[in-house]
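Colleague: Here is my input, please return the structure:
(2 chains)
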2 protein chains.
Amino acid sequence: MTLSIIPVHGIPEVRPRDDLVGFLLQALGTARDKIVDGDVLVIAQKVVSKSEGRIVRLADVVPSQQALAMAEDSGKDPRQLEVVLGETKQIIRWERGVLIVETRHGFVCANAGVDRSNAGAPDTVVLLPVDPDASAARIRDEIANRAKATVAVVITDTFGRAWREGHTNVAIGIAGLPALKRYIGQRDPEGYELRVTEIAVADEIAAAAELVMGKLDRCPVAIVRGLTFEDSDETAQEYVRPAARDMFR
Amino acid sequence: MTLSIIPVHGIPEVRPRDDLVGFLLQALGTARDKIVDGDVLVIAQKVVSKSEGRIVRLADVVPSQQALAMAEDSGKDPRQLEVVLGETKQIIRWERGVLIVETRHGFVCANAGVDRSNAGAPDTVVLLPVDPDASAARIRDEIANRAKATVAVVITDTFGRAWREGHTNVAIGIAGLPALKRYIGQRDPEGYELRVTEIAVADEIAAAAELVMGKLDRCPVAIVRGLTFEDSDETAQEYVRPAARDMFR
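Modeller: Residues are numbered from 1 along each chain as shown, chains lettered A, B, ... in the order given. Next up is the predicted model:
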């Protein structure tokens, strides 16, 4: 089985209350490859967030004492820090101006995913979707209704990681495919249990899609075609390692 | 630009001193898609390690006091622990029977990448290559000489990560492509610097390839075709975050 990773060009700048699925279907309709059953539609978080109105004008933010103190320590904008703290369940590290937090969703990442770049307007930040799995499910349902195609949806963001330099794309919301491919209890030809028992498939799909999406060429959507997977109700919450089982907090 | 991720089937069980590149070229020659200039050849570490003789029979191992003590704490095989310790620069975590170490290469992973499954023989473990970047460069050169094709090579292993459940494929050795795609200093249309400045491209290539490789279907090689990249002398050492800059040790 050969996979194709197909970039989807032609999505315009997305603004709050825009019809993102309409934009998607229009871009797909003019693309060489229309969407088909079994495709995985990979969508960068930023366009989803913008369509959902998850943007904040910094002029409207009143920083708390904590944000002001952190700004003084770091030289960062206290208003942006305030927005990050509002998205934060727990601060994991605050060192050398780097802020690693657990988001309300349970993801561990820098600045709770709050980002000032590519916000579409000056002095504005974009937040992660409130519930990226619900966003993915909604997009999936709309595509089923409007395009009569049964697809899976993966919403991505680009996270740093412990120990390794560089960022990679990961899945923050999914619909219609399993998060994990499980090999638990399966054995090799010699009868040994496999060392690796759970593969983070949607994270690997997110990473594959990033290779064609880029950061500056306004290509926030890609199709992964040819993958075999089962329909699933799993969400990206499968990836959240409970704090009690996490050795790196 | 559409990417193709093509699995390469037909690689036989690899043993020490086997001609891995010969196996590769034979499998590619009978495949629908032969290799072409600009392809990225993604190879699972295990077949590289086996061809390089990086296997140890546990019957030949005499465990140290440290390995014996760790075995008593955990119920693990002291001989296998001894092999892991021999590949270890520093133990990062040893809790609840989970051993996370920094390998001699500088990678942080479980059990220094030492694995008993799919070893090809009973009571045998496979170690990571001594220098996976050198292995990748050697394979790349041999393919240039024997198949007259200029390809990039990525050698992969499947690592767990902090905070997120599930494993993903990452690059442990590379040749002929950059490890990182750098956006440093680049700006969005509003003039803001991009938040994400370095994408771990070879890790994303490794993840993409895993989607067609699987763990039980003996498909340790895939081709990523259609990617635009520049030739580079970078190695997977670019991914090693120096301990002094690492907040999660």
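
Colleague: which helices and strands does the helix or strand where A:D73 lies pack with?
Modeller: With elements taken from DSSP states H and E, the one containing A:D73 is helix A:65-74. Helices and strands touching helix A:65-74, as assessed by 3 or more C-beta pairs under 8 Å, 6 or more residues apart in numbering or on different chains; DSSP states H and E, comprise helix A:78-86. To be clear about C-beta, it is placed using only N, CA and C from the backbone, and glycine gets the same treatment.

Colleague: is chain B contacted by the next helix or strand along the chain from the helix it packs on?
Modeller: Next in sequence after helix A:78-86, counting helices and strands by DSSP H and E, comes strand A:88-95. Yes - Strand A:88-95 reaches chain B (C-beta under 8 Å from any C-beta of the partner chain) through A:R93, A:E95.

Colleague: And strand A:88-95, what does it pack against?
Modeller: Using 3+ C-beta pairs under 8 Å, 6+ apart, strand A:88-95 is in contact with strand A:98-103.

Colleague: Any buried residues in the strand it packs on, and which?
Modeller: Applying a neighbour-count criterion of 16 or more other C-beta atoms under 10 Å in any protein chain shown, one finds A:L99, A:I100, A:V101, A:E102, A:T103 buried in strand A:98-103.

Colleague: The second one contacts B:M247, correct?
Modeller: Yes - between A:I100 and B:M247 there is a contact at 7.0 Å, judged by C-beta atoms under 8 Å.

Colleague: Which residues are in contact with each of these two?
Modeller: Overlap of the contact sets of A:I100 and B:M247 (by C-beta atoms under 8 Å, 6 or more residues apart in numbering or on different chains) consists of A:R93.

Colleague: Pull out the buried positions in the least confident helix or strand in chain A by mean pLDDT.
Modeller: Every helix and strand in chain A was compared by mean pLDDT, DSSP states H and E; the lowest is helix A:20-30, with a mean of 90. Residues of helix A:20-30 classed as buried: A:L20, A:V21, A:F23, A:L24, A:L25, A:A27, A:L28 (neighbour count, 16+ other C-beta under 10 Å).

Colleague: So which residue is dead centre in chain A?
Modeller: A:T156 (2.4 Å; C-alpha atoms, centre = their mean).

Colleague: Setting the sequence-adjacent residues aside, check what's closest to it.
Modeller: A:A206 (4.1 Å; C-beta to C-beta, 6 or more residues apart in numbering or on different chains).

Colleague: Over to A:P178?
Modeller: A:P178's closest residue in space is A:S232 (C-beta to C-beta, 6+ apart), at 4.1 Å.

Colleague: show me what contacts the residue lying farthest from the centre of chain A?
Modeller: Here the centre of chain A is the reference, and by C-alpha atoms, centre = their mean the most remote residue is A:E190, at 38.9 Å. Each residue near A:E190 by C-beta under 8 Å, 6+ apart is listed here: B:S117, B:N118, B:A119, B:G120, B:A121, B:P122.

Colleague: what ranges of chain A fall below the confidence cut-off?
Modeller: A:30-33, A:216-217 (pLDDT under 70).

Colleague: rerun that using 90 as the cut-off
Modeller: When residues are selected by pLDDT under 90, those of chain A lie in A:1, A:28-34, A:96-97, A:117-122, A:183-197, A:214-218.

Colleague: where exactly do the strands run in it?
Modeller: Ranges of strands in chain A, per DSSP state E, are A:3-8, A:40-44, A:55-57, A:88-95, A:98-103, A:108-110, A:124-126, A:152-159, A:168-175, A:180-182, A:198-200, A:221-225.

Colleague: what's the angle between the first one and strand B:221-225?
Modeller: An angle of 20 degrees separates the directions of strand A:3-8 and strand B:221-225 when computed by axes from the mean of the first three to the mean of the last three C-alpha atoms, to 10 degrees.
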